[in-house]
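Novice: Everything below, folded, please.
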Amino acid sequence: MKRILYTIAFSGFLISCKQEEAADLLIYNAKVYTVDDSFRVAEAVAIRDGRILAVGSTQELKERYAGKEEIDAAGKFIYPGFIDAHAHFYGYAQSLQKANLVGTKSWEEVLDKTRAFAASHTEGWLTGRGWDQNDWEVKEFPVNEMLDSLFPDRPVLLTRVDGHAAIANSRALELAGIRAGQALTGGEIVVRNGKPTGLLIDNAVDLVTSRIPAYTAAQMSRALKEAEQNCFAAGLTSIADCGLDFEQVVLLDSLQQKGALKMKLNVMLSDVPKNYEWLFRRGKMETERLRVASFKVYADGALGSRGACLLQPYSDHPDHHGALLSRPEHFDSVARLLYSRGLQMCTHAIGDSGNRTILNIYAKYLRGKNERRWRIEHAQVVHPADFALFGRYGIVPSVQPTHATSDMYWAGQRLGAERERGAYAYKRLLQQNGWLPLGTDFPVEDIAPLKTFYAAVFRMDAKGYPEGGYQPANALTPTETLQGITTWAARASFEEKEKGSLKQGMAADLVMLDTDLMSADAAKTRAAKVLMTVVQGEKVFSAERR
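Specialist: Residues are numbered from 1 along each chain as shown. Modelled structure (predicted):
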């Protein structure tokens, strides 16, 4: 009898030892790229309370955990949630309320799309974004004569794809008080025969946009929700939103606190006095889904609109260098202020002169290797003598690979062959610090991080051009690129201990794809699809439900 009781007791002990722990979600039979320190590949991941419980083999985790929901991935591929290190999420949401002019092939097509949009959006200012004269057969900036003919009384502003140029009709110019011969620092009001043509470059655009009434909170809430769903469907779980005002941050925070917005955001405040005053008064902002501890500064404009500041004249415009958008003294004063406050400085710099100016100002305050992680956004054209400054002073180049494949058709005309070799040089930039955050700059480019991956690895457009890739020596490996849109992007925002890899205790942000990005060729990478996106342990997108 004692032996029987002992056997029963021992069996109960064994059963209790094998009792499964509860998990909210268990995904198994997958190929899980953890992107941890050893780049370990696993088969399953368990999640509870928005955190990673464990990553391991299917057998191990199924024996150990019982999930409220369990998903057999059937061999599909799991990655950390994709992070966009440089984008404009709030601006993208706003763009959904404007005429979409991306991909237009002529000024006439721009006008046709604007007229069609106006038919269903009949009140107030008429705005649009996305045209690029480099995509047109006649690669010339437009003038506003036909725009005035179509819309003589309603103000219209149509912004170039990069946001650094726009065309306004005469009514919009009148409301903004713009006139020929008006002095302007860091911008240009283009004039012909003594009259403004409507074309505005860089800071001149702000003269008009400042007159456009802001969207209401209700309008923006709806737009942000639509933008978020589009981003989740692309596999994005976190975004660095570059250049917002504090009022926009307050709205984002309120929506997140109510659970109405689930996207994780690292917001860079715009370089204007009210934003400094607000952040200095309240201090850094860090919640589960929102971080505000940096400022976005603009050194120069864009290469496509010849606003990028170059050391030597444009090859296709010999009397033009572009221009800095502020005096160097301004950038120096911002650097001094942010350094003293322990805040991150993130500066848009495209041209080699713009980059050199900011690199030297950063160097003045950083004084060698450091963990301030001050960033140069784009680092698009760098003089050969200046690459080493990134590594010497721990300056982070934050780049967008699809810019290379969008600009490659005309970049050589702007820069010339010799200078072009220092442009879009991602491999060379990676070598400076050993890590490189990647982004899209959407809505300038598409929101899809998979297009970032394709452009970084293969350096080709959607049609596979050019064969062998554009400047292939600067292509990144699949491993480097995956790190660039996960853990390195998190590191660029001081968040690598919270997200960007799949390991115990990290935020449960992940994406499931139908494709193994680590081994796929160009065609398969181009065709890769997002099957599921999880943010903080919650399924926010599933291809099956769409």
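Novice: When you work out contacts or count neighbours from here on, use the C-alpha atoms and nothing else.
Specialist: OK.
Novice: And stretch 357-365, how far out from the chain middle?
Specialist: 24 Å (C-alpha atoms, centre = their mean, to the nearest Å).
Novice: So what touches it?
Specialist: For stretch 357-365, the surrounding residues in contact (C-alpha atoms under 8 Å, 6 or more residues apart in numbering) are 299, 328, 331-332, 335-336, 339, 347, 349, 374, 376, 386, 389-390, 393, 395.
Novice: which regions of the chain lie under the pLDDT threshold?
Specialist: For the chain, residues meeting the criterion pLDDT under 70 lie at 1-19, 546.
Novice: cutoff 80 now
Specialist: 1-19, 545-546 (pLDDT under 80).
Novice: can you give me the helices in the stretch 201-350 of the chain?
Specialist: 203-209, 217-233, 246-257, 273-282, 328-341 (DSSP state H, counting those that start in this stretch).
Novice: Tell me which residues of the third one come out buried.
Specialist: Taking 16 or more other C-alpha atoms under 10 Å as the basis for neighbour counts, the residues of helix 246-257 that come out buried are 246, 249, 252-253, 255-256.
Novice: Identify the residues contacting it?
Specialist: Contact with helix 246-257 is made by 217, 221, 261-262, 267, 269, 274-275, 278, 289-290, as judged by C-alpha under 8 Å, 6+ apart.
Novice: Relative to residue 408, which of the contacts of stretch 357-365 is nearest.
Specialist: residue 349 (18.2 Å; C-alpha to C-alpha).
Novice: isn't that closest one right next to residue 397, touching?
Specialist: No. Using C-alpha atoms under 8 Å, residue 349 is not in contact with residue 397, being 10.0 Å away.
Novice: Can you give the domain ranges for this protein?
Specialist: Following the assignment in automatic domain parsing, the chain carries domains at 19-75, 83-87+221-243+263-270+282-500, 98-209.
Novice: most tightly surrounded among these?
Specialist: domain 83-87+221-243+263-270+282-500 (a mean of 21; mean count of other C-alpha atoms under 10 Å).
Novice: Just give me how far that one sits from the chain centre.
Specialist: 9 Å.
Novice: still on that earlier bit, for the contacts of helix 246-257, which two are the farthest from each other?
Specialist: 262 and 274 (26.9 Å).
Novice: For the two, indicate the residue with more neighbours.
Specialist: residue 262 (23 against 13; other C-alpha atoms under 10 Å).
Novice: how close does the more buried one get to residue 534?
Specialist: When distance is defined by C-alpha to C-alpha, to the nearest Å, residue 262 is 11 Å away from residue 534.
Novice: Spell out the secondary structure type for residue 129.
Specialist: Here residue 129 is strand, with the state taken from DSSP: H, G, I helix; E, B strand; the rest coil.
Novice: What strand or helix carries the closest residue to it other than its chain neighbours?
Specialist: Distance criterion C-alpha to C-alpha, 6 or more residues apart in numbering; nearest residue to residue 129, sequence neighbours excluded, is residue 159 at 4.5 Å. If you go by DSSP states H and E, residue 159 is part of strand 156-160.
Novice: Tell me the helix or strand right after that strand.
Specialist: Strand 156-160 is succeeded, C-terminally, by strand 165-168 (DSSP H and E).
Novice: for residue 94, what are its contacts?
Specialist: 220, 223-224.
Novice: what do you get for residue 494?
Specialist: Per C-alpha under 8 Å, 6+ apart, neighbours of residue 494: none.
Novice: picking that back up, let me have the domains of the chain in JSON lines, extended by distance to residue 518.
Specialist: As requested, the domains of the chain are exported to JSON lines (distance: least, C-alpha to C-alpha, whole Å):
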{"stretch": "domain 19-75", "distance to residue 518": "9"}
{"stretch": "domain 83-87+221-243+263-270+282-500", "distance to residue 518": "5"}
{"stretch": "domain 98-209", "distance to residue 518": "30"}
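Novice: which residues do residue 349 and residue 397 both contact?
Specialist: Common neighbours of residue 349 and residue 397 (C-alpha under 8 Å, 6+ apart) are 376-379.
Novice: And residue 34, how close does it get to residue 508?
Specialist: 12 Å.
Novice: Give me the common contacts of those two.
Specialist: With C-alpha under 8 Å, 6+ apart as the test, residue 34 and residue 508 both reach residue 502.
Novice: one step back: which of the contacts of stretch 357-365 lies closest to residue 504?
Specialist: residue 374 (29.0 Å).
Novice: Does the closest one touch residue 396 like I think?
Specialist: Yes. Judged on C-alpha under 8 Å, residue 374 makes contact with residue 396 at a distance of 6.1 Å.
Novice: returning to what we had before: redo the helices of the stretch 201-350 of the chain as TSV? Include distance to residue 421.
Specialist: Listed next are those as TSV, based on distance: least, C-alpha to C-alpha, whole Å:
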stretch	distance to residue 421
helix 203-209	29
helix 217-233	33
helix 246-257	39
helix 273-282	38
helix 328-341	26
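Novice: Nearest approach to residue 516 belongs to which of those helices?
Specialist: helix 217-233 (17.9 Å).
Novice: Find out how far that closest one is from the centre of the chain, if you would.
Specialist: Centre to centre, stretch against its chain (C-alpha atoms, centre = their mean), the figure for helix 217-233 is 16 Å.
Novice: Using PDB, list the CA coordinates for that helix.
Specialist: C-alpha atoms of helix 217-233 as PDB (Å, rounded to 0.1, in the frame of the first residue of the first chain):
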ATOM      1  CA  ALA A 217      -8.300  67.200 -34.000                       C
ATOM      2  CA  ALA A 218     -11.100  65.000 -35.200                       C
ATOM      3  CA  GLN A 219      -9.800  65.100 -38.800                       C
ATOM      4  CA  MET A 220      -6.300  64.300 -37.700                       C
ATOM      5  CA  SER A 221      -7.400  61.500 -35.500                       C
ATOM      6  CA  ARG A 222      -9.100  59.800 -38.400                       C
ATOM      7  CA  ALA A 223      -6.200  60.400 -40.700                       C
ATOM      8  CA  LEU A 224      -3.700  59.100 -38.100                       C
ATOM      9  CA  LYS A 225      -5.700  55.900 -37.700                       C
ATOM     10  CA  GLU A 226      -5.800  55.300 -41.400                       C
ATOM     11  CA  ALA A 227      -2.000  56.000 -41.700                       C
ATOM     12  CA  GLU A 228      -1.400  53.600 -38.800                       C
ATOM     13  CA  GLN A 229      -3.300  50.800 -40.500                       C
ATOM     14  CA  ASN A 230      -1.400  51.200 -43.700                       C
ATOM     15  CA  CYS A 231       1.900  51.100 -41.800                       C
ATOM     16  CA  PHE A 232       0.900  48.000 -39.800                       C
ATOM     17  CA  ALA A 233       0.100  46.300 -43.100                       C
END
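Novice: quick one: contacts of that helix?
Specialist: 89-90, 92-94, 96-97, 237, 251, 255, 260-263, 447-448, 530, 532-533, 540-543.
Novice: Mind doing that once more with 7 Å?
Specialist: 90, 92-94, 96, 261, 263, 447, 530, 533, 540-541 (C-alpha atoms under 7 Å, 6 or more residues apart in numbering).
Novice: and what of stretch 399-418?
Specialist: With C-alpha under 7 Å, 6+ apart, stretch 399-418 has contacts from 314-316, 377-379, 420, 424, 437-441, 445, 452, 455-456, 459-461.
Novice: Please narrow these to those residing in strands.
Specialist: 377-378 (DSSP state E).
Novice: Okay, and which of the contacts of stretch 399-418 map to helices?
Specialist: 420, 452, 455-456 (DSSP state H).
Novice: Distance to residue 500 for those residues - can I get that in a markdown table?
Specialist: Shown next, in a markdown table, are these (distance: C-alpha to C-alpha, whole Å):
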| residue | distance to residue 500 |
| --- | --- |
| 420 | 32 |
| 452 | 16 |
| 455 | 20 |
| 456 | 18 |
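Novice: Please consider this matter closed, and thank you.
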